[in-house]
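> Give the three-dimensional model of this entry:
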Amino acid sequence: MPNRLSKETSPYLLQHAHNPVDWYPWGEEALSRAREENKPVLVSIGYAACHWCHVMERESFESEETAGIMNSHFINIKIDREERPDLDHIYMDAVQAMTGSGGWPLNVFLTPEGKPFYGGTYFPPRRAYERPSWQEVLMSVSKTFTEKRHEIDAQAENLTAHLLEANSIGQRIASGGEIFSRARVDEILQNVMKAADKEWGGFGKAPKFPQTFSIQFLLRNYHLHHPAKIASHDPGLRQALLSLDKMMEGGIYDQLGGGFARYSTDTEWLAPHFEKMLYDNALLVMALAEAYALTGKSRYREVIEETIQFVNRELFHPMQGFFSALDADSEGEEGKYYVWTEEEIKNILGKDASLFTKYYDVSAKGNWEGKNILRVKKPLELFAEEMGENADRIQKKLAEGRGTLMTEREKRIRPQLDDKVLLGWNALMNTALSKAYAATGNGEYRQLAVRNMEFLLTNFEDGEGGLHHTWKEGKAKYPAFLDDYAFLIQALIQLQEITGEQDWLEKARQWTELVIERFSEEGTGFFYFTSDRQRDVIIRKKEIYDGAVPSGNSIMAHNLYQLSIYFDRTDWGERSRAMVKTLGKAIVGYPTSFGVWASLLQEMVAGTMEIAIVGKDHERLRRELSAIYLPHKVLMTAGHKTDSYPLLKNREVADKTLIYLCENYSCKQPVESIMRFISLIDRVDSDN
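Numbers count the residues shown, from 1 in each chain. A predicted model of the protein is given here:
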């Protein structure tokens, strides 16, 4: 008989709907029962694509014996961390404070008042990995709660106080001197490069995450110093491109179907955790778009195309939204859908198998757990030279082989789809589409971005002037969080830039005003993760670190900075600078944890190009200009002047389409062609 989760829409919660555990979704019903029966609350948090979440479900939550213990001694709540990231942030911080580490599944025990007092991540069904069994944990917590309640309450109060203290960003972080200087940006560069893996790309040791924000910082920093040429010897540029190249060649990238997995378990990007998340692919498309615009390297464009094709093929909702993720597992086995034996490939490809297996590192013994993850160990040109073959011919043969294997792979049992549509992740993909269009000129990306934005603004409304966080099967729910609004505003700004339609910019201003009203922390300039209308969390957290996704605060700081230029709102610009200054010491010292902040500080130091194109030929010139790598700019275009926007005011000249460039409170003589504009910005850069 299904439990209460059967009425939910989250794929993760529905996975647990037939567990013998008496699960509740998060809500007042469960918490009220805990208070009435004076029982501790077990909150178990995971997500649909989480491998170890599935393992713990099979081992423990599907066990009648274990479920009996849980049902007798606890009120049990299941949470999808992607539906309720606010709760996940709070209880993850609590577990990290108690144990020094975190992850998913996240299992945390609360008092009936909702305050955490003990927790951990994965627990095995029997003692293993130097961890107690899950049943031992349950019985120990229940015994302590019953016999030493005063200690439990004291621990919960102390831990909650610690969470509040740790949340006091803005009052206690000093800037450490002058922040807005080239010297500080150079220091950030040095600290990013200290973390760089100069052999395999990326930053730090395994497990390795894409860290696209650091890659973008390096690309932009290179451009500031070398705007007119590509100097492959530059260490920062080399590291940025090496990181992208190694990921594209590795197993973290699906060599058959396109799209990136979440992270690599090894330094060589070979073996991923195989789940594919919408947000990772959005962020990587953004970084690849910048790399392509800067270098013109055709492989970056190809991977942009392949990744967007993957998203459209496997994560696309027909109403123009994007689903959240694909599971790592199929048939209960991680990666089974994606890996191959050498024999399988030989049987499928026949006489063409030898070339394919050599290029993609396929062998009889395998490169991962006796199977093969397809990866590229040598660039095509070098491989062709060693084979004594024509590179174009080899490329054609490999493409045929990939198509044949892809057809065969589609006959396998597919990983489960997490089919909820999240506002923030869709907004990230929307920005990625805009940037991909700007870099490549592929009009399909622009059309898709517009349709997706129309879907989001129509279907996520909450009827009270705000937005919801998640949508599925025609129903939106949960109040939108800071990330949702911040990423949406960012996407709207980008849409205005690629379309010239000022309505998108007006919507960005509208949602910014709502964020300021409902999310602001008084006195600091920062924003809470939850709005002032949300009542079911024990604290209103502030997220400032740029991790797997950028923090809502860093994106809002960037939004405020750009919108201050578009609308001449000096108060918004000053607030953005104050946020960066407050975090300045941390940004400079730990840039790989503050990647978006680092790029914003970089832009504030370097300056922002304010570009307007006005006249009947504005659309063509906008298209041509968008393909140029100008990472620090705001852009507006129109057929005629308008007094509504400072960039377009008094700009019209009869029978001409002019490009205007202003920077650092100084404007250049307008020009009529992109070639003249390039000469203009080259002079500006040389002056700096």
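
> hang on, Phe455 in a helix?
Yes: under DSSP: H, G, I helix; E, B strand; the rest coil, Phe455 sits within a helix.

> Quick check: which ranges of the protein have low pLDDT?
Applying pLDDT under 70 to the chain flags residues 169-177, 227-232, 665, 683-688.

> Following the record's annotation, map out the domains of it.
Under the assignment named as automatic domain parsing, the residue ranges that make up the domains of the chain are 4-166, 182-205+280-325+421-605, 338-411, 609-687.

> of those, which approaches Phe274 most closely?
Proximity to Phe274 (C-beta to C-beta) singles out domain 338-411 among the domains of the chain, at 5.9 Å. Every C-beta, even on glycine, is put in place using the N, C-alpha and C of the backbone.

> State the number of residues packed around the nearest residue to Leu467 once chain neighbours are set aside.
Excluding its sequence neighbours, the residue lying closest to Leu467 (C-beta to C-beta, 6 or more residues apart in numbering) is Ala480, at 4.1 Å. Applying other C-beta atoms under 10 Å, we find 26 residues neighbouring Ala480.

> Now do the contacts for Ala480.
Contact analysis of Ala480 by C-beta atoms under 8 Å, 6 or more residues apart in numbering lists 423-424, 460, 462, 466-469, 531.

> give me that answer again for 6 Å
If you count contacts by C-beta atoms under 6 Å, 6 or more residues apart in numbering, Ala480 has them with 423, 467-469.

> so Asn553, which of the three states?
Asn553 ends up helix, using three-state DSSP.

> Name the nearest residue to it, ignoring sequence neighbours.
Going by C-beta to C-beta, 6+ apart, Asn553 has Ile544 as its nearest residue, at 5.1 Å.

> isn't the one you found right next to Ser554, touching?
No: between Ile544 and Ser554 no contact is recorded; they are 7.1 Å apart, counting by C-beta atoms under 6 Å.

> who's more crowded, these two?
Taking neighbours as other C-beta under 10 Å, Ile544 and Ser554 compare with Ser554 leading, 26 against 23.

> The closest residue to the more buried one other than its chain neighbours and Leu428: what is the separation?
Using C-beta to C-beta, 6+ apart and skipping residues adjacent in sequence, the residue nearest Ser554 is Val596, 3.9 Å away. As for Val596, its distance to Leu428 is 12 Å (criterion: C-beta to C-beta, to the nearest Å).

> which of those two has more neighbours?
A count of neighbours by other C-beta under 10 Å puts Leu428 above the other of Val596 and Leu428, at 27 against 23.

> quick check, the more buried one in a helix?
Yes: assigned with three-state DSSP, Leu428 falls within a helix.

> Let me see the contact set for it.
Contacts of Leu428 (C-beta under 6 Å, 6+ apart): 279, 282, 487.

> how near is the residue nearest the centre of the chain to Lys397?
What sits nearest the mean C-alpha location of the chain, by C-alpha atoms, centre = their mean, is Val549, with 3.3 Å. To Lys397, Val549 is 39 Å away according to C-beta to C-beta.

> Thr121 too?
Counting by C-beta to C-beta, the gap from Thr121 to Lys397 is 46 Å.

> what does Ala183 give?
From Ala183 to Lys397 the distance is 52 Å (C-beta to C-beta).

> Output the contacting helices and strands for the helix or strand where Thr458 lies.
Assigned by DSSP states H and E, Thr458 belongs to helix 443-459. Counting contacts by 3 or more C-beta pairs under 6 Å, 6 or more residues apart in numbering; DSSP states H and E, helix 443-459 is packed against helix 423-440.

> so what's Leu278 closest to, chain neighbours aside?
Trp425 (4.7 Å).

> about what we covered before: just the ones in helices from the contacts of Leu428, please.
279, 282, 487 (DSSP state H).

> hang on, the earlier thing: in three-state terms, label the residue nearest to Asn553 for me.
coil.

> which of the ones in helices among the contacts of Leu428 count as buried?
Among those, those classed as buried by 16 or more other C-beta atoms under 10 Å are 279, 282, 487.

> and stretch 33-51, which residues are buried?
Going by neighbour count (16+ other C-beta under 10 Å), the buried part of stretch 33-51 is 34, 39-51.

> which other residues reach that stretch?
Contacts to stretch 33-51, defined as C-beta under 6 Å, 6+ apart, come from residues 11-12, 53, 74-79, 81-82, 88, 104-110, 112, 145, 275, 325, 327-328, 334, 418.

> related to what we said a few turns ago, how much does the helix holding Thr458 deviate in direction from helix 423-440?
Relative orientation of helix 443-459 versus helix 423-440 (axes from the mean of the first three to the mean of the last three C-alpha atoms, to 10 degrees): 160 degrees.

> Past helix 443-459, which element shows up next along the chain?
Remark: after helix 443-459, the chain's next helix or strand is strand 468-472, criterion DSSP H and E.

> Does anything pack onto that next one? Which helices or strands?
Taking 3+ C-beta pairs under 6 Å, 6+ apart as the contact cut, strand 468-472 packs with strand 475-479.

> Give me the buried stretch members for the strand it packs on, please.
Buried residues in strand 475-479 (16+ other C-beta under 10 Å): 476-479.

> re the thing from before, ok, the residue nearest to Leu278 to Thr111 distance?
Look at Trp425 and Thr111: by C-beta to C-beta, they are 33 Å apart.

> What of Asp234?
For Asp234, the distance to Thr111 - C-beta to C-beta - is 56 Å.

> These two: which has the busier surroundings?
Using other C-beta under 10 Å as the criterion, Asp234 and Thr111 rank with Thr111 on top: 22 against 16.

> my guess is that one contacts Ala156, does it?
Yes: using C-beta under 6 Å, Thr111 is in contact with Ala156, at 4.9 Å.

> Looking at the buried residues of strand 475-479, spot the one nearest Gly366.
Closest to Gly366, out of all of these and judged by C-beta to C-beta, is Tyr478, at 43.2 Å.

> Chain neighbours aside, what residue packs nearest to the closest one?
His469 (4.3 Å).

> and stretch 499-514, how far from the chain's centre?
22 Å (C-alpha atoms, centre = their mean, to the nearest Å).

> Can you give me the buried ones in it?
Using 16+ other C-beta under 10 Å as the test for burial, stretch 499-514 gives 499-500, 502, 504-505, 507-509, 511-512, 514.

> and for that stretch, what are the contacting residues?
Residues outside stretch 499-514 that contact it (C-beta under 6 Å, 6+ apart): 485, 489, 492-493, 495-496, 637.

> again, 7 Å this time
446, 450, 465-466, 485, 488-489, 492-493, 495-496, 559, 563, 566-567, 618-619, 622, 637-638 (C-beta atoms under 7 Å, 6 or more residues apart in numbering).

> Repeat that for stretch 67-77.
Residues contacting stretch 67-77 (C-beta under 7 Å, 6+ apart): 19-24, 26, 30, 33-34, 39-43, 61, 135, 138-139, 142.
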